[in-house]
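In: need coordinates for the below:
(one chain, ligands or ions: 1)
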Amino acid sequence: MSRLVIVSNRVPVPEKGGIATPAGGLAVALKVALEEHGGIWMGWSGKSSDEHEPQPLAQLQQGNIVYALTDLTDTDVEEYYHGFANRVLWPICHYRLDLAEYGRKEMAGYFRVNRFFAHRLAPLVESDDVIWVHDYHLIPLAAELRQMGLKNRIGFFLHIPWPPADVLFTMPVHEEIMRGLSHYDVVGFQTDHDLENFVGCLRREGIGDELGGGRFIAYGRIFKGGTYAIGIETAAFAEFAKKASTNKTVRKARESIEHRSLIIGVDRLDYSKGITQRIDAFERFVLANPAQQGRVTYLQITPKSRSEVPEYEAMQRTVAEQAGRVNGALGTVDWVPIRYINRSVGRHILAGLYRLGKVGLVTPLRDGMNLVAKEYVAAQDPDDPGVLVLSRFAGAARELRGALLVNPYDIEGTANAMARALSMPLEERKERWKTMMAHLLEHDVSRWCRDFLNDLT
Ligand code: ADQ
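Out: Below is the predicted model:
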C-alpha cells in the first residue's frame, strides 16, 4: 500500500517518549498502521482564536509520520464542533432527536469547516495516497476533496451509531449528509444494525440501494459499505491488568474495599452512557437485596468530557447529586455504597481497577461500540473472572455473547442482572469469560485496522 493519510477531528500527537495520554488502543493501532506505510495524521489542534485567518498548518515530523494540525477560529469551533457535530449529529446518531438543536448558522459552519480542512489537506496529499477519515465531524470531507479534483481512495469510519431513517431525516440537512457519504470508496460502521439503518436511509427516499457483495449505489456513485467492529489491544491490555495488581493506587483501592464486592463503571460523562439510570438500578438492587447492604461497593469513574458545554456541566451536577442522595439514603457510618470519581485515571490503573471489579457495569442507552466493555473483559483474572453486565444497545453486545445483556431503560431488570452477576458460580463465570476473551483476542484493534485498510485498498 502507498502512504496513508488519516484525518480525524483531534489528533493524538506524541509527547516525548510516546503518544499523549490517555492513549487508547485506537491511537496506538492507527499509529502502527501509519508507521508501517508512512504518512500523515491531520486534524484540529484544539486551539482557536478570534482571527479570521487561522495560523498556517503546524507540522510535526516523527519518523515517517507527519502530524499536521490546524487551528480554527472561535466561530468555527462554536458552529462546527459545539454547534453541529455535538448538538446535532451526536444526539441524532444516538437516537436523541429531543436533544438536537438545529441552527442554519451551525449547519453552514459544519460544511464550511469541512471545506477548510479539505483545502488545508489537499496540498499535502500525493496522488497515490490512501485517505482514511474518522467519525461524524468530517462526513463531508471526501465530497470537498473530490470537488478539488482528488481521485484518491478515500474511506470513512463512523465510530458512533448510525440511526434509522425516521431519526436521521428529522435533520434538515440529512440529504447533504447522505450525499457526503456517497463520495467515499468505503463507508464503515461498527455493527450490522448500523449498516441496516444506513441501507434503510438509502431506500426510504429512493436515494440509492444495495447492489450485493457489500456494494452500494447512491447519487450515481458506487461504493463499498461494511461493518468493522472496533477492538482493543486485547493481549497488551490483559498483560497490563495482570501487572497492575502491584500498582500502589490499585493496591490502595483493593485494601479500601476490604471484604466487599466491587461493581465498577467507567464512562465519559455523556447522556448516551446511561449513568443516571445505572445509579437508579444500583439503588434498586441494594433495596431489593438487603443481604448485600454493606457488602458491595459501586465505583463509578467518570471523567468530565466537553465540560465547556453547559449541558455537560449540568449533567455533572445531576450525577453527583444523585450519587450523594443514594449514599445519604442507603449508607451507614462504615459503608459508602457509591464512590463517584470525576476525573481521568491512567490506563494501567484503570486496567487494575477493572480486574478488581466482580461486576463490570456497562449500560449505555446507545453506544457505537463501547471499548470499556472490551477492556473490562480483557482485564479479568482467568481463574476468577468478573461478570460483564452489558446494555443490549451498545455495539459491543453484538459480539460479547458471554455478557449478561440488559435493557438499561428497565431499571428493575438491570438491578436483577447485578444480583445475578454477584451470585454467579465460578464455572459459569469462567465459561462466559472464555468465549468473550477468545473473541477479543481474535478481533483486536490491529485486525480492525487491517480489515478496513484491506477493503479500502
Ligand atoms: P467513547 O464514547 O469515548 O468512544 P468508549 O468506546 O467506551 O467510548 O471509549 C472510551 C475510552 O476512554 C476507553 O478506552 C476508556 O478506557 C477510556 N476512559 C473512559 N473513562 C476513563 C477514565 N476515567 N480514565 C481514563 N480513561 C477512561 C467513541 C464511541 C464508542 C466507540 C469508540 C471507539 O462513542 O461507541 O466504541 O468511539 O470507536
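In: contacting residues for the closest residue to Tyr110 other than its chain neighbours?
Out: Among residues not flanking Tyr110 along the chain, Phe84 sits closest, at 3.6 Å (C-beta to C-beta, 6 or more residues apart in numbering). Bear in mind the C-beta positions are built from the backbone N, C-alpha and C, glycine included. Going by C-beta atoms under 8 Å, 6 or more residues apart in numbering, Phe84 touches 106-107, 109-110.
In: check Val296 too.
Out: 260-263, 286, 337, 422.
In: so among these, which ones count as buried?
Out: Neighbour counting with 16 or more other C-beta atoms under 10 Å marks 260-263, 286, 337, 422 as buried within those.
In: which of those residues sits closest to Leu195?
Out: The closest of those to Leu195 turns out to be Ile263 (C-beta to C-beta; 33.5 Å).
In: so what sits opposite that closest one in the bridge?
Out: For Ile263, the beta-bridge partners are Tyr298, Val359 (DSSP bridges).
In: ok, back up a step: next step: the buried ones among the contacts of Val296 restricted to helices.
Out: 286, 422 (DSSP state H).
In: give the next helix or strand downstream of the longest strand seen in the chain.
Out: Secondary structure assigned by DSSP state E gives strand 39-49 as the longest strand of the chain. Remark: after strand 39-49, the chain's next helix or strand is strand 58-62, criterion DSSP states H and E.
In: what's that next one in contact with?
Out: Outside strand 58-62, the residues touching it (C-beta under 8 Å, 6+ apart) are 13-14, 45, 66-71.
In: so the nearest residue to Trp335 once chain neighbours are set aside: helix, strand or coil?
Out: The shortest distance from Trp335 to any non-neighbouring residue, by C-beta to C-beta, 6+ apart, is to Gly294 (4.6 Å). Secondary structure assignment for Gly294 (DSSP: H, G, I helix; E, B strand; the rest coil): coil.
In: before we move on, what about Arg432?
Out: helix.
In: and the helices in the stretch 351-457 of the chain?
Out: 371-378, 411-422, 426-442, 445-456 (DSSP state H, counting those that start in this stretch).
In: sorry, slip of the keys, the one I care about is the stretch 201-350 of the chain.
Out: Counting by DSSP H, counting those that start in this stretch, the stretch 201-350 of the chain has helices at residues 234-244, 248-257, 275-288, 310-330, 347-356.
In: now find how far off-centre the first one is within its chain.
Out: Same thing as helix 234-244. 20 Å (C-alpha atoms, centre = their mean, to the nearest Å).
In: list every C-alpha atom in it, with coordinates, as PDB.
Out: Taking Å, rounded to 0.1, in the frame of the first residue of the first chain, the C-alpha atoms of helix 234-244 are listed here in PDB:
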ATOM      1  CA  THR A 234      -6.500  -7.200  23.900                       C
ATOM      2  CA  ALA A 235      -3.300  -9.100  24.700                       C
ATOM      3  CA  ALA A 236      -1.400  -6.000  25.800                       C
ATOM      4  CA  PHE A 237      -4.300  -4.800  28.000                       C
ATOM      5  CA  ALA A 238      -4.600  -8.200  29.700                       C
ATOM      6  CA  GLU A 239      -0.900  -8.100  30.500                       C
ATOM      7  CA  PHE A 240      -1.300  -4.500  31.800                       C
ATOM      8  CA  ALA A 241      -4.100  -5.600  34.100                       C
ATOM      9  CA  LYS A 242      -2.100  -8.500  35.500                       C
ATOM     10  CA  LYS A 243       0.900  -6.300  36.300                       C
ATOM     11  CA  ALA A 244      -1.300  -3.500  37.700                       C
END
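In: and the gap between the residue nearest to Trp335 and Ser261?
Out: 11 Å (C-beta to C-beta, to the nearest Å).
In: where in the stretch 351-457 of the chain is pLDDT low?
Out: Across the stretch 351-457 of the chain, not a single residue meets the criterion (pLDDT under 70).
In: if we can go back for a sec, and the residue nearest to Tyr110, which of the three is it?
Out: Under three-state DSSP, Phe84 comes out as helix.
In: how confident was the prediction at it?
Out: pLDDT, Phe84: 97.
In: that one and the ligand: what is the separation?
Out: Counting by C-beta to the nearest ligand atom, to the nearest Å, the gap from Phe84 to the ligand is 17 Å.
In: again, but for Phe240
Out: Between Phe240 and the ligand the distance is 11 Å, computed by C-beta to the nearest ligand atom.
In: quick check, pLDDT for Ser272.
Out: 96.
In: residue in the stretch 151-300 of the chain nearest to the ligand?
Out: His159 (3.5 Å; C-beta to the nearest ligand atom).
In: what about that residue, how many residues nearby?
Out: His159 has 19 neighbours, counted by other C-beta atoms under 10 Å.
In: does it really touch Asp135, like I thought?
Out: Yes. Applying C-beta atoms under 8 Å, one finds His159 in contact with Asp135, separated by 4.9 Å.
In: just to revisit the earlier point, want to throw the contacts of strand 58-62 into a markdown table with distance to the ligand, secondary structure and neighbour count?
Out: Supplementary listing: those in a markdown table, determined by distance: C-beta to the nearest ligand atom, whole Å; DSSP: H, G, I helix; E, B strand; the rest coil; neighbours: other C-beta atoms under 10 Å:
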| residue | distance to the ligand | secondary structure | neighbour count |
| --- | --- | --- | --- |
| Val13 | 18 | coil | 17 |
| Pro14 | 18 | strand | 18 |
| Ser45 | 20 | strand | 18 |
| Val66 | 24 | strand | 18 |
| Tyr67 | 20 | strand | 20 |
| Ala68 | 22 | strand | 20 |
| Leu69 | 21 | strand | 20 |
| Thr70 | 22 | strand | 22 |
| Asp71 | 24 | strand | 18 |
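In: which pair of the residues you listed spans the longest distance?
Out: Checking the contacts of strand 58-62 with C-beta to C-beta, the most distant pair is Pro14 and Asp71, at 19.2 Å.
In: related to what we said a few turns ago, closest one to Leu181 among the helices of the stretch 201-350 of the chain?
Out: helix 310-330 (27.4 Å).
In: show me what counts as buried in that closest one.
Out: Quick answer for helix 310-330 (16+ other C-beta under 10 Å): 312, 315-316, 319, 322-323, 326-327, 330.
In: on that earlier part again, just say which of the helices of the stretch 351-457 of the chain is most tucked in.
Out: Of these, the one with the most neighbours on average (mean count of other C-beta atoms under 10 Å) is helix 371-378, at a mean of 29.
In: near the ligand, anything from that one?
Out: Yes. Using C-beta under 6 Å from any ligand atom, a contact is recorded between helix 371-378 and the ligand, made by 371-372, 375.
In: kind regards, and thank you for your time.
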